[in-house]
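Visitor: Dropping the sequence and predicted coords here.
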Amino acid sequence: MFHKEYLDLVLVPSGLLLMFGYHLFLLYRYLNLPHTTVYGFENNDKKAWVQKVLQMEKRDYALTVLGSNTSAATFLASVSLTLSSLIGAWIANNSNIFQSGLIYGDTRPSTMSIKYISLLICFILAFSCFVQSARSFIHADYLVSVVDSNMPVEYVELAVIRGGEFWSLGLRALYFAINLLLWFFGPIPMFVTSVVMVLLFRYLDNNTASLHRLRSSPEEKGACPMSSSRKTCSG
């Protein structure tokens, strides 16, 4: 005899496998074929932005851009931490809201505990990623604010790109959290959301535009990468 609890054993692992499988495929493309992903396209633009900024004497607008990214990462980190605290309080109160007979799926206390813990893990991961993103952007802020320095451009590029990577990981953790949140309403909404998300990500993560060709960096021309004094570089 078929029981509705069996749906959780089939649809939930299938939905998670679909999500993890797609992101492993995306990671492979990002590491080996970055120009085919939107993240590789954005990283190429960030490199061009960093090289242009470091050639300018006034970098106020660049610090404003990095400050905005830091504020956004800090805000989402606070949101993730707040949601984690709410879920922890919800677990402590042993709420029975999602154990209603209207939900077609497994609503046993053990399964509900797995749902709460899985959702809590996603929010904690999102919080950690956003904190690391803010850390990287703050580090890039320090590097950009130093005008007279012979520090390589790659240091600033690495800090900015790493901040963007942690930002993207934090967002993906939130997307997984949304997926797991719908599991509380049954395995069918969770599986349907997994399929819709993968199709949407497949469209959004794909890049067909040609990459901008970066000009040679100042250090390749024999100039100081982060120095505003041309006499010093030419001397």
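Guide: It's in. Numbers count the residues shown, from 1 in each chain.
Visitor: if I look at the most centrally placed residue in the chain, how far off is residue 47?
Guide: In the chain, the residue lying closest to the centroid (C-alpha atoms, centre = their mean) is residue 168, at 1.7 Å. Distance from residue 168 to residue 47, counting by C-beta to C-beta, to the nearest Å: 16 Å. (Glycine included, C-beta is placed from N, CA and C.)
Visitor: Could you report the neighbour count for residue 50?
Guide: 26 (other C-beta atoms under 10 Å).
Visitor: who's in contact with it?
Guide: 153, 156, 157, 160 (C-beta atoms under 8 Å, 6 or more residues apart in numbering).
Visitor: Closest to residue 133 out of those?
Guide: residue 160 (10.7 Å; C-beta to C-beta).
Visitor: what's that closest one in contact with, if anything?
Guide: 46, 49, 50, 66, 136, 137, 140.
Visitor: Over to residue 40?
Guide: Residue 40 is in contact with 30, 33, 34, 207, 211, counting by C-beta under 8 Å, 6+ apart.
Visitor: Kindly recompute the last result at 10 Å.
Guide: 29, 30, 31, 33, 34, 207, 211 (C-beta atoms under 10 Å, 6 or more residues apart in numbering).
Visitor: now residue 196
Guide: Taking C-beta under 10 Å, 6+ apart as the criterion, residue 196 is in contact with residue 179.
Visitor: just to revisit the earlier point, which of the contacts of residue 40 are buried?
Guide: 29, 30, 34, 207 (16 or more other C-beta atoms under 10 Å).
Visitor: wait, which of these is closest to residue 71?
Guide: Of all the buried ones among the contacts of residue 40, residue 30 has the smallest distance to residue 71: 26.2 Å, by C-beta to C-beta.
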